[in-house]
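Visitor: What shape does this take:
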Amino acid sequence: MQALQLISTRGMSREKWLEERRKGIGGSDAAAVAGLSRYRSPLQVYMEKLGLVEPHEENEAMYWGKKLEDLVAEEFSLRTGQKVRRRNAILRHPDYPFMLANVDRVIVGKNEGLECKTAGAYKAGEWDGDEIPWEYAIQCHHYMAVTGFSAWWIAVLIGGNRFIYKRIERDEAIIRDLIKIESHFWNYHVLQEIPPDPDGSAASSELVRRIYPESNGLELDLPSAVERWIEQYEQAAEEEKAAAARKEEAANNIKMLLGEYEVGRFKDWKITWRSISSSRLDTKRLKAELPDIYAKYTNQTSSRRFEIKRMEA
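Guide: Numbering: from 1, shown residues only. Model (predicted):
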């Protein structure tokens with residue numbers, strides 16, 4: 001099997017590249033579509049593909065990741081002796097045209113590719129031993145699905161001073177699952193414009209707030225499907241309350257053991273209970289005594305408060 005070239009990316013602008021990405025599911029979308037991403041949700045990918053929300057603007061991490069890609073690829077070649085080259089194209093699966101790949105590098109003379117990454121020092125633990133962050137493992141398997149390659153390398157510069165590279169063998173079971181999941185997402189959700197349910201991720205919460213930032217003051221009779229979510233919400237709220245009580249009980253007992261001491265140690269644990277002084281603005285008094293100044297330096301913000309309560313008969 002050989003991937004087809006959808007379009008050349010040589011000299012392509014970021015705007016055009018984002019436009020082409022909306023025509024299918026790329027490697028960085030794969031984990032999110034499968035519900036396995038910590039940073040994006042299936043609903044967010046769906047909204048992006050339909051052009052209903054703008055993709056996140058390039059942040060500092062993305063900027064430096066792109067800037068350092070050449071350096072990471074060069075260092076990989078130096079350490080492994082393997083030559084790599086760019087593949088300046090968006091590739092497409094020959095049988096599943098919605099599966100796209102814009103790969104970093106291919107290994108010369110082999111059916112293998114290379115993904116270049118950078119990571120902050122605080123994420124070093126995610127790369128210990130044979131570990132690879134799940135989002136990236138899925139991304140590489142997506143690329144193997146599109147290209148038919150037998151393996152994919154991943155090289156990462158951690159904290160600017162630690163270099164790691166690992167080889168990911170092609171796993172046919174993972175690829176079959178990915179094709180099945182991505183096919184359903186594209187054909188059922190995107191093409192039929194049926195949004196996937198939001199999950200409990202921060203990405204879904206942020207997106208729901210962005211889609212519906214303000215209420216209209218009207219009332220709606222909800223369908224029976226909401227009963228399931230009400231029950232789940234109430235059960236989770238009770239579990240959260242019980243967990244908070246257990247957490248507070250543990251804290252109180254530890255505080256009793258510490259007494260007036262600020263720091264306590266046990267084995268490899270360090271526990272602190274410090275005295276902290278802070279200053280707070282008395283806004284109620286300020287508003288009463290200096291209303292003009294209060295009004296001048298008060299910013300109006302808008303948000304929506306969510307609550308569930310049972311109505312009395």
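
Visitor: Asp130 and Leu222, how far apart?
Guide: Between Asp130 and Leu222 the distance, using CB to CB, to the nearest Å, works out to 48 Å. Backbone N, C-alpha and C define where each C-beta goes, glycine included.

Visitor: what do you get for Arg85?
Guide: Arg85 sits 56 Å away from Leu222 when distances are taken as CB to CB.

Visitor: How about Asn111?
Guide: From Asn111 to Leu222 the distance is 53 Å (CB to CB).

Visitor: Who has more neighbours out of the two?
Guide: Using other CB atoms under 10 Å, the more surrounded residue of Asn111 and Leu222 is Asn111, with 14 against 9.

Visitor: Could you tell me how far that one is located from Glu48?
Guide: 31 Å.

Visitor: Leu100 too?
Guide: Between Leu100 and Glu48 the distance, using CB to CB, works out to 13 Å.

Visitor: Show me which of these two is the more surrounded one.
Guide: Using other CB under 10 Å, the more surrounded residue of Leu100 and Glu48 is Leu100, with 25 against 20.

Visitor: can I assume the more buried one sits in a helix?
Guide: No - counting by DSSP: H, G, I helix; E, B strand; the rest coil, Leu100 is located in no helix; its state is strand.

Visitor: Was I right to think it contacts His142?
Guide: No - if you go by CB atoms under 8 Å, Leu100 and His142 don't touch, sitting 9.1 Å apart.

Visitor: Please enumerate the shared neighbours of these two.
Guide: Contact criterion CB atoms under 8 Å, 6 or more residues apart in numbering; residues shared by Leu100 and His142: 25-26.

Visitor: so Gln139, which of the three states?
Guide: Assignment for Gln139 (three-state DSSP): helix.

Visitor: and it, how many neighbours does it have?
Guide: Using other CB under 10 Å, Gln139 has 26 other residues around it.

Visitor: which residues touch it?
Guide: Gln139 sits next to 27-28, 30-31, 115 when contact means CB under 8 Å, 6+ apart.

Visitor: one more time with 6 Å, if that's ok
Guide: 27, 30 (CB atoms under 6 Å, 6 or more residues apart in numbering).

Visitor: Show me the strands in this structure, by range?
Guide: For the chain, the strands defined by DSSP state E cover 4-8, 84-85, 89-92, 100-101, 105-107, 112-119, 151-158, 162-169, 263-266, 269-272.

Visitor: partners of the last one, with directions?
Guide: Its sheet considered, strand 269-272 pairs with strand 263-266 (antiparallel) by DSSP bridges.

Visitor: quick one: the strand it pairs with to chain centroid distance?
Guide: Put simply, strand 263-266 sits 36 Å off its chain's centre (CA atoms, centre = their mean, to the nearest Å).

Visitor: swap in stretch 192-202?
Guide: Distance of stretch 192-202 from its chain centroid, counting by CA atoms, centre = their mean, is 14 Å.

Visitor: pLDDT below threshold where in the stretch 1-150 of the chain?
Guide: The stretch 1-150 of the chain contains residues with pLDDT under 70 at 1-2, 6, 56-57.

Visitor: Do you have the helices of it handy? List them.
Guide: 14-21, 27-33, 42-49, 60-67, 69-80, 134-147 (DSSP state H, counting those that start in this stretch).

Visitor: Tell me how the protein divides into domains.
Guide: 4-209, 246-274 (automatic domain parsing).

Visitor: most tightly surrounded among the ones you listed?
Guide: Greatest average neighbour count among the domains of the chain goes to domain 4-209 (a mean of 17), per mean count of other CB atoms under 10 Å.
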